[in-house]
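Student: I would like the atomic coordinates for the input below:
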Amino acid sequence: MSEAIKELAVRTALAMGAGAVRVTSARADEESRRRMQAAFARRDFLCWSYDDEYARRATDPGELCVGARSVLCIALPYATPAQRAGPLHGRVSNYAWSADYHRRLRTLLDAVAHAIDDAAGKRVTTVACDTRPLAERALAARAGLGWIGKHTNLISPGLGSFVFLGEVVTTLELPPDESIVKSCGSCARCVEACPTRALRGDYSIDANRCISDLTQRTDAIPAAMRPLIGDWVWGCDICQLVCPPTRDAGPQGGAAWAPVDQEAGRPGLVELLRLRSSAFKKRFRPTAMGWRGAAVLRRNAAVALGNALDRSTVGPLVESLCGDPHPMVRGHAAWALGRIGSPAALGALRGQSNVERSQEVRAEISMALQPFERSPSGMLD
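Tutor: Down below sits the predicted model:
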């Protein structure tokens, strides 16, 4: 009966768009727990509230489902063709330019869970959809769904790494699949391509340097990282775009994962800089970019404009410096104006330094002006 239930679950998932389904035991994974704890000890994930207790819970499916015996690991491909646009447009990670993936993935997982429950004649499942502690990449690798690449994402054969992962944990004993004995070998294209050197090449990552994490944090982006972010305003796909198995797999997401509008993948930076709460809710709440708020996107737009070095954007940046309600955004606008360094930009910075009330923003203004200030000798410092 367990084999028949597994086959039913697989058919249900594939019929709803899953690219691959595998099963593994629900036993606790001590090796993954130790790896996670080591990463936390290295302070690789300072932007997130991870600790040893999180590692323990995330590596034991029994924490999600009492009596868990098996986990169905499901890969849902989402890659669609890259978005192209002219200058002064930002870049958005592929996963975030369509409707929020959590809803579609949850619908698929619920359908699989219901099929298993109906076949068992009682409730025997719990669904995990990126909202509860679970080391899903480690589970997926153990189930044979793929292998972990040097970019730390799961690479699924034929699908690449542009896949969403979801799990159905069950108290049933289902026949497990074998893991894939594979690695990236000598390939290090993702490591070499990462602008911030977040990837170490040993299958680990310093997430504090990762553009994806930098664009999602809610506090100031470290000044040293800002020039390396380029035009990314949400997430980053560089390490996956250069990954040979992912590149060879091509876009397999289909129309369901297409951008919600023409500028979803390449939003105008000036428009994003001026984004307010009402417009944010209407435009971005339906996407995976909707959970951090408008101020984070405005901050990211300011950084991208600072990297664009286009003097035509000084006016909007000055508006942001003087009028944005969030000091974090005003501070990053100051940085961008300092990067551009035109007379108008420097004049605005000097003028605002006399009236700005936020100590944080005044410090940003001072830092932006420092390269242009003259020493007592009349020379630039």
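
Student: Next up, the contacts around the nearest residue to residue 264 once chain neighbours are set aside.
Tutor: Closest residue to residue 264 apart from its sequence neighbours, by Cβ to Cβ, 6 or more residues apart in numbering: residue 97 at 4.0 Å. Where you see a C-beta, it was placed from the backbone N, CA and C, and this is true even at glycine. Neighbouring residues of residue 97 by Cβ atoms under 8 Å, 6 or more residues apart in numbering: 83, 259, 260, 264, 265, 287.

Student: model confidence over the helix or strand containing residue 360, on average?
Tutor: For residue 360, the host element (DSSP states H and E) is helix 359-369. In this model, helix 359-369 has a mean pLDDT of 98.

Student: same check, this time on stretch 102-109
Tutor: 94.

Student: number of nearby residues for residue 35?
Tutor: Residues near residue 35, counting by other Cβ atoms under 10 Å, number 17.

Student: mind pulling up the phi and psi values for residue 92?
Tutor: phi -120, psi 140 (degrees, to the nearest 10).

Student: What residues are bridge-paired with it?
Tutor: residue 234 (DSSP bridges).

Student: For it, the count of nearby residues, please.
Tutor: Residue 92 has 27 neighbouring residues, counting by other Cβ under 10 Å.

Student: Show the contacting residues for residue 314.
Tutor: Contacts of residue 314 by Cβ under 8 Å, 6+ apart are 337, 340, 342, 344, 345, 348.

Student: Equivalent analysis for residue 206, please.
Tutor: 42, 44, 198, 200.

Student: Residue 208 and residue 177: what is the separation?
Tutor: Distance of residue 208 to residue 177, computed by Cβ to Cβ, to the nearest Å: 35 Å.

Student: Likewise for residue 227?
Tutor: From residue 227 over to residue 177 the distance is 45 Å, taken as Cβ to Cβ.

Student: More neighbours: which of those two?
Tutor: A side-by-side neighbour count of residue 227 and residue 177, using other Cβ under 10 Å, places residue 177 first with 17 against 14.

Student: Show me the strands in this protein, by range?
Tutor: Using DSSP state E, the strands found in the chain span residues 20-25, 70-77, 91-92, 125-128, 147-148, 154-155, 163-170, 232-234.

Student: quick one: strands adjacent to the second one?
Tutor: It refers to strand 70-77. Strand 70-77 has the following sheet partners, assigned by DSSP bridges: strand 20-25 (antiparallel), strand 163-170 (antiparallel).

Student: can I get those strands in a markdown table with mean pLDDT, mean neighbour count and distance to residue 299?
Tutor: Formatted as a markdown table, these follow (pLDDT from 0 to 100; neighbours: other Cβ atoms under 10 Å; distance: least, Cβ to Cβ, whole Å):
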| stretch | mean pLDDT | mean neighbour count | distance to residue 299 |
| --- | --- | --- | --- |
| strand 20-25 | 98 | 22 | 37 |
| strand 163-170 | 97 | 27 | 27 |
